[in-house]
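Novice: Model the following, please.
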Amino acid sequence: KINSLQLYVEDAFEFVEYDGIMTPENVLTAEEITALDDYCYDNFIELVPSLATFGHLYNLLQSDKYKHLCEMEDWKPEKMYWLEKMAHHTIDVSNEESIKLISSLIDQFIPLFRSDRFNICCDETFDLCRGRNAGKDAGEEYFKFLMKIIEHVKSRGKTVMMWGDIALSHPDKLHYIPKDTVMLNWTYVSDPDEGKVKAFADAVNGGDDYADKLVRLDVNVELGGESSPWTPIGASGTPFKGSFDGGGHIVSGLYINTTASYQGLFGYLSGGTVRSCIVQGSVASSGGYLAGVVGYNARGTIENCMSMVDVTGSGGSFVHYYGGIAGYSNGTVSGCVNAGSVTATGGSACGGVVGCNFGGTVTDCYNKGAISNPGSHVGGVVGQSRQSGAKVENCYNVGAVSGKTNVGAVVGQDQNTGAANVYYLEGSADYGVGSTSDASGVRTAAELRAASFAETLGSAFAADADARNDGYPVLVWQVPVPDLVIGSYEE
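Specialist: Numbers count the residues shown, from 1 in each chain. Just a heads-up that it's a prediction; the model follows:
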């Protein structure tokens with residue numbers, strides 16, 4: 001039985017703002033919605049309005065009339081895949097017109113429903129502060145604009161509902177949200193399998209190393225966020241030795257705030273493999289070996305992974321090592337992307353992809369996140385690369401990198417191991433390799449966005465034909481493969 005149903009709308013209603021953008025046959029009319037509300041009421045079902053008010057505004061923000069309100073300036077893909085409807089369509093929170101526009105949409109939608117509740121959504125604002133508001137604190141900007149939306153809906157006498165995925169990524173700011181706001185959890189399956197992932201972690205931490213076993217993730221999983229902090233899969237005494245295949249799925253809601261070492265989705269990988277997963281959340285600790293994906297990689301392999309995790313390490317030792325994909329690695333890291341920030345407040349070596357590459361290889365990777373360290377050994381891709389056999393190849397960085405000494409846009413300190421075919425965005429740091437003052441890999445944004453540059457990086461990369469990465473090269477695994485191709489031929 002159903003006693004509550006939400007009607008979710010991004011653009012499929014006859015909003016006045018969409019006149020000329022959406023065709024009449026593709027939108028609901030006010031009469032149709034009120035008829036649906038009447039039908040639900042007659043069957044004891046509350047029809048709750050659910051409206052995209054922050055992200056997912058793709059048709060609106062691609063239009064000539066409102067494109068100036070898009071966070072991603074002058075962004076328009078040649079083709080529209082479902083993933084692009086999830087990213088690159090967040091509204092510009094710094095423009096005063098934005099809240100006026102959103103308020104107008106809300107005011108047109110509210111009168112159509114009997115319900116006293118209104119879902120403002122505010123989910124998946126992935127590109128916030130990655131365009132017009134670059135350099136600002138994404139959490140701060142999210143909550144400032146969120147509060148404007150909440151206040152407007154409450155002024156209309158409605159109880160506010162919202163999706164909690166982005167808010168939970170900034171637990172230090174949750175106190176801004178009024179106590180009467182209803183937080184919602186979303187998933188695309190009836191069983192999100194969070195419990196199964198936790199059971200897997202418990203088994204590894206209990207001594208089952210999963211050697212010679214394959215673990216595959218078949219759905220997106222949302223972990224518990226601040227209300228249920230994550231215990232990493234594997235520790236120094238009980239490492240994970242098997243193969244984990246994320247299947248390209250997203251693990252969101254990762255939240256760690258501790259004093260312990262070996263922190264990430266995986267704490268300690270020993271000779272095993274972690275591949276094809278996208279991790280979102282935050283990791284903070286005063287301990288060592290922190291990352292979004294694997295804290296400590298002992299001769300294992302990490303491939304085709306993406307971290308959208310903000311990593312903050314406050315340990316005072318230089319050798320704590322913090323990274324986006326791996327804090328410490330003497331194994332292989334390839335085909336990986338870091339889009340989260342990595343911050344070492346205590347001065348430990350840190351890098352966008354790997355904090356310390358100790359005799360291992362880091363190939364075919366790139367970093368977009370801001371990397372900062374008040375001390376030494378800070379790099380956009382690798383903080384420190386050392387020991388015989390260590391390699392950093394076919395990588396690039398566009399994220400801002402800051403520190404005191406041995407600061408490199410690609411590698412902070414390279415102890416004669418060699419960094420080859422590596423490049424960085426002009427202005428991201430003074431040098432590509434900090435310890436050798438090597439600036440040979442510097443490129444302008446236009447040069448990095450050129451279709452030929454992906455060929456320069458190698459076969460693991462492709463040109464950003466659909467502008468999913470602000471025009472910068474993407475990894476081949478990031479290019480969508482259509483489920484169906486319709487073509488023609490002639491004999």
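
Novice: Mind telling me what element I33 is part of?
Specialist: Element membership for I33 (DSSP states H and E) is helix 30-42.

Novice: which element follows that helix toward the C-terminus?
Specialist: strand 46-51.

Novice: what about the helices in the stretch 1-150 of the chain?
Specialist: 30-42, 58-62, 96-109, 138-155 (DSSP state H, counting those that start in this stretch).

Novice: most tightly surrounded among those?
Specialist: helix 58-62 (a mean of 21; mean count of other C-beta atoms under 10 Å). In this view, the C-beta of every residue, glycine as well, is placed from N, C-alpha and C.

Novice: I'd like the average pLDDT over that one.
Specialist: Helix 58-62 shows a mean pLDDT of 87.

Novice: do stretch 186-195 as well
Specialist: Mean predicted lDDT for stretch 186-195 stands at 63.

Novice: Quick one: end-to-end length of that stretch, please.
Specialist: 15 Å (C-alpha to C-alpha, to the nearest Å).

Novice: which regions of the protein sit below the pLDDT cut-off?
Specialist: Flagging of the chain using pLDDT under 70 yields the residue ranges 1, 75-88, 187-193, 318, 416, 481-491.

Novice: show me what contacts the residue sitting nearest the centre point of it?
Specialist: By C-alpha atoms, centre = their mean, the chain has its centre lying nearest to M308, at 3.4 Å. Contact analysis of M308 by C-beta atoms under 8 Å, 6 or more residues apart in numbering lists F126, I278, V279, Q280, G281, G292, A339, G340.

Novice: out of those, which one sits closest to S169?
Specialist: If you rank the contacts of M308 by distance to S169 using C-beta to C-beta, G281 comes first, at 6.0 Å.

Novice: Thought T312 was touching the closest one, still the case?
Specialist: No: in this structure, G281 is not within contact of T312 by C-beta atoms under 8 Å, at 11.9 Å.

Novice: Have a look at those two and say which one is more surrounded.
Specialist: G281 (27 against 20; other C-beta atoms under 10 Å).

Novice: For that one, which non-adjacent residue is spatially closest?
Specialist: L254 (2.9 Å; C-beta to C-beta, 6 or more residues apart in numbering).

Novice: so how many other residues sit close to M72?
Specialist: M72 has 19 nearby residues by other C-beta under 10 Å.

Novice: OK, contacts around it?
Specialist: With C-beta under 8 Å, 6+ apart, M72 has these contacts: H88, H89, T90, D127, R130, G131, R132, D470.

Novice: what does Y328 give?
Specialist: G288, Y289, G295, Y296, N297, Y321, V354, G355, C356, F358.

Novice: And the residue nearest to the fourth one when sequence neighbours are not counted, how close does it get to G408?
Specialist: To tie it back to what came earlier, the one meant is Y296. In space, and not counting its chain neighbours, Y296 is closest to Y289: 4.4 Å by C-beta to C-beta, 6+ apart. Computed as C-beta to C-beta, to the nearest Å, the Y289 to G408 distance reads 21 Å.

Novice: show me the contacts for R449.
Specialist: With C-beta under 8 Å, 6+ apart, R449 has these contacts: D464, G471, Y472.

Novice: Among these, which one sits closest to Q62?
Specialist: G471 (16.1 Å).

Novice: Let me know whether that closest one touches A454 as I believe.
Specialist: No: at 10.9 Å, G471 does not count as touching A454 under the criterion of C-beta under 8 Å.

Novice: what touches both of these two?
Specialist: Common neighbours of G471 and A454 (C-beta under 8 Å, 6+ apart) are D464.

Novice: When these two are compared, which one has more neighbours?
Specialist: Between G471 and A454, counted using other C-beta under 10 Å, A454 has the larger neighbour count: 22 against 18.

Novice: Is that one in a helix, a strand, or coil?
Specialist: helix (DSSP: H, G, I helix; E, B strand; the rest coil).

Novice: I figured it hits A460, correct?
Specialist: No: using C-beta under 8 Å, A454 makes no contact with A460, being 9.4 Å away.

Novice: Can you tell me what sits against stretch 51-65?
Specialist: Counting by C-beta under 8 Å, 6+ apart, 8-11, 17-18, 20-22, 66-67, 69-70, 76, 80, 84-86, 88-91, 102, 105-106, 109, 118-126, 128, 145-146, 149 sit against stretch 51-65.

Novice: Extract the C-alpha trace of the one helix or strand the residue nearest to the centre of the chain maps to and format it as CSV.
Specialist: Element membership of M308, judged by DSSP H and E, is strand 306-313. Extracted C-alpha coordinates of strand 306-313, given in CSV (Å, rounded to 0.1, in the frame of the first residue of the first chain):
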residue,chain,number,x,y,z
MET,A,306,37.7,8.1,-9.0
SER,A,307,37.8,9.9,-5.7
MET,A,308,35.4,12.7,-5.0
VAL,A,309,36.4,12.6,-1.4
ASP,A,310,37.7,15.6,0.6
VAL,A,311,40.7,14.2,2.5
THR,A,312,42.0,16.2,5.5
GLY,A,313,45.0,15.0,7.5
